[in-house]
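Q: sequence and predicted structure are below.
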Amino acid sequence: MKAAMRIEMKIILKAMVVVLMSAGVVSGIGSEAGAATKMVTDPTVVTKASWGNTAFGDTVDIYTLRNAEVTAQVTTYGARLVSVRTADKTGKVADVVLGYDNLAAYLADNKTHFGGVVGRYGNRIAKGKFSIDGHDYQIPPNNNGNALHGGPVGFDVLLWTATQVPDGVEMTLVSPDGDMGFPGTLTATVKYTLHGRALRLDYSAKSDKPTVVNLTNHAYFNLHGDDVGTVLDQKLTLNAERYTPVDAGLIPTGELALVAGTPLDFRKSTVIGERINADNAQLKLAGGYDFNWVLNGGKAGELHEAAKVVDPVSGRTLTVTTTEPGVQFYTGNFLDGTFTVRAGVVYSQHKGFCLETQHFPDSPNHENFPSTLLKPGVVRHSTTVFTFGVE
């Protein structure tokens with residue numbers, strides 16, 4: 001009788017432990033139990049704070065997305081990714097995104113596009129000119145006679161409207177007809193959500209007139225931490241057999257060239273700085289890496305791997321998956337040491353790298369490139385995921 005009672009009590013106690021674990025009260029009972037509890041007790045918490053005002057007096061907010069693995073910050077000014085803090089293989093936490101710790105510094109910086117959602121057309125359009133249905137359009141040139149990232153007043157310097165959503169925040173911007181010369185009233189959204197170690201960006205755009213659109217994020221990463229060294233000793237893999245060669249203005253020639261046998265071949269993990277100073281005409285034009293790679297495979301609208309970066313020192317990794325057909329790999333060639341940021345750190349050349357998932361530069365002027373034309377009644381969707389790991 002006593003033995004039967006003891007067995008019954010054990011069953012009841014085990015049931016109580018399961019209930020308490022599911023409620024997040026008990027943790028660490030075996031590795032599997034601990035992992036299960038962690039999933040329950042460590043959701044992404046989203047908080048909002050005022051971050052200051054623009055020159056016009058408009059309030060700018062900053063949102064913090066935090067869980068046990070990653071903390072990310074996003075601001076309504078330019079829908080910018082301000083910060084991503086994550087641990088290395090020893091547990092030391094650092095910020096792996098370049099940027100400032102205050103709004104005033106972002107407002108004063110009209111060169112770097114740190115963390116911004118650039119548009120209406122990310123990357124370059126030759127001479128700022130394109131045509132749709134026989135109508136010619138002119139974007140004000142702002143980069144060596146070409147239009148870069150939407151012209152002099154791109155989306156990354158405008159104030160977006162934010163709505164908190166589960167695990168993140170959704171930003172919305174309405175760009176009026178004729179904004180920077182682009183046709184049509186365009187409504188753009190980008191939703192940032194954080195799930196474990198994965199920061200997901202979901203973009204959408206719609207217009208009431210035919211227009212062109214190419215939205216991307218211009219975050220600079222340094223897996224050492226933004227205050228340590230350059231990115232030249234980090235190792236990159238790009239899932240691409242071809243790239244789009246450029247002319248002296250960094251405008252694509254229209255060719256889809258093979259990377260094989262060139263310093264642009266990152267199909268196998270390669271140290272970023274190993275060939276950056278090679279005797280190569282394309283590298284000399286750009287002063288380092290600043291090219292669009294044509295991503296391999298993947299069905300339209302489905303996520304596929306674009307890139308992976310590994311820091312052998314800290315053990316941090318970054319894996320980029322996207323639905324986009326291209327990625328611009330940029331090594332901070334124009335960071336010139338004039339940018340003083342967090343804790344007095346100076347960002348000099350090659351302090352960070354960008355992996356800007358995108359349609360190709362100057363696509364409106366190349367029929368053989370994937371189209372960036374957006375027609376009324378159609379909603380353009382794309383997704384990019386940045387996953388931070390350790391190995």
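A: That came through, no problem.
Q: can you give me the strands for the stretch 51-200 of the chain?
A: 59-66, 70-75, 80-87, 93-95, 117-118, 124-125, 129-132, 135-138, 147-148, 161-165, 168-175, 186-195, 198-207 (DSSP state E, counting those that start in this stretch).
Q: residue 227 is nearest to which of those strands?
A: Nearest to residue 227, of all those, is strand 93-95, at 7.5 Å by C-beta to C-beta. Yep, even glycine has a C-beta here, placed from its N, CA and C like the rest.
Q: got the buried residues for that closest one?
A: 94-95 (16 or more other C-beta atoms under 10 Å).
Q: helices and strands of the protein: which one has the lowest mean pLDDT?
A: The weakest-scoring helix or strand in the chain, judged by mean pLDDT, DSSP states H and E, is helix 31-41 (a mean of 35).
Q: residues contacting the closest residue to residue 97 other than its chain neighbours?
A: The shortest distance from residue 97 to any non-neighbouring residue, by C-beta to C-beta, 6 or more residues apart in numbering, is to residue 84 (4.5 Å). With contact set as C-beta atoms under 8 Å, 6 or more residues apart in numbering, residue 84 has these partners: 70-73, 95-97, 199, 219, 386, 388.
Q: rerun at 7 Å
A: Neighbouring residues of residue 84 by C-beta atoms under 7 Å, 6 or more residues apart in numbering: 70, 72, 95-97, 199, 388.
Q: pick out the most distant pair among those residues.
A: 95 and 199 (13.4 Å).
Q: identify the bridge partners of the residue nearest to residue 97.
A: Residue 84 has these beta-bridge partners by DSSP bridges: residue 72.
Q: so how far is residue 66 from it?
A: For residue 84, the distance to residue 66 equals 11 Å [C-beta to C-beta, to the nearest Å].
Q: count of neighbours near the spatially closest residue to residue 166 that is not a sequence neighbour?
A: Once flanking residues are discounted, residue 166 sits nearest to residue 193: 7.5 Å by C-beta to C-beta, 6+ apart. Residue 193: 20 surrounding residues under other C-beta atoms under 10 Å.
Q: do residue 323 as well
A: Considering only other C-beta under 10 Å, residue 323 is surrounded by 21 other residues.
Q: ok, the one 4 residues further on next?
A: Applying other C-beta under 10 Å, we find 26 residues neighbouring residue 327.
Q: give the contact list for it.
A: Contacts of residue 327 (C-beta under 7 Å, 6+ apart): 293, 295, 306-307, 355-358.
Q: ok, which stretches of the stretch 201-350 of the chain are strands?
A: Counting by DSSP E, counting those that start in this stretch, the strands of the stretch 201-350 of the chain are 211-212, 216-217, 235-238, 240-244, 257-258, 270-271, 290-295, 304-310, 316-322, 326-330, 339-340, 346-347.
Q: save the ones you listed as CSV, and put in distance to residue 49 too.
A: Formatted as CSV, the strands of the stretch 201-350 of the chain follow (distance: least, C-beta to C-beta, whole Å):
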stretch, distance to residue 49
strand 211-212, 35
strand 216-217, 22
strand 235-238, 35
strand 240-244, 40
strand 257-258, 47
strand 270-271, 39
strand 290-295, 35
strand 304-310, 30
strand 316-322, 27
strand 326-330, 31
strand 339-340, 24
strand 346-347, 25
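Q: so which of those strands is nearest residue 369?
A: Of those, nearest to residue 369 by C-beta to C-beta is strand 240-244, at 7.8 Å.
Q: which non-adjacent residue is nearest residue 360?
A: Nearest to residue 360 is residue 369, by C-beta to C-beta, 6+ apart, at 4.5 Å.
Q: give me the three-state assignment for the one you found.
A: Following DSSP: H, G, I helix; E, B strand; the rest coil, we place residue 369 in the coil state.
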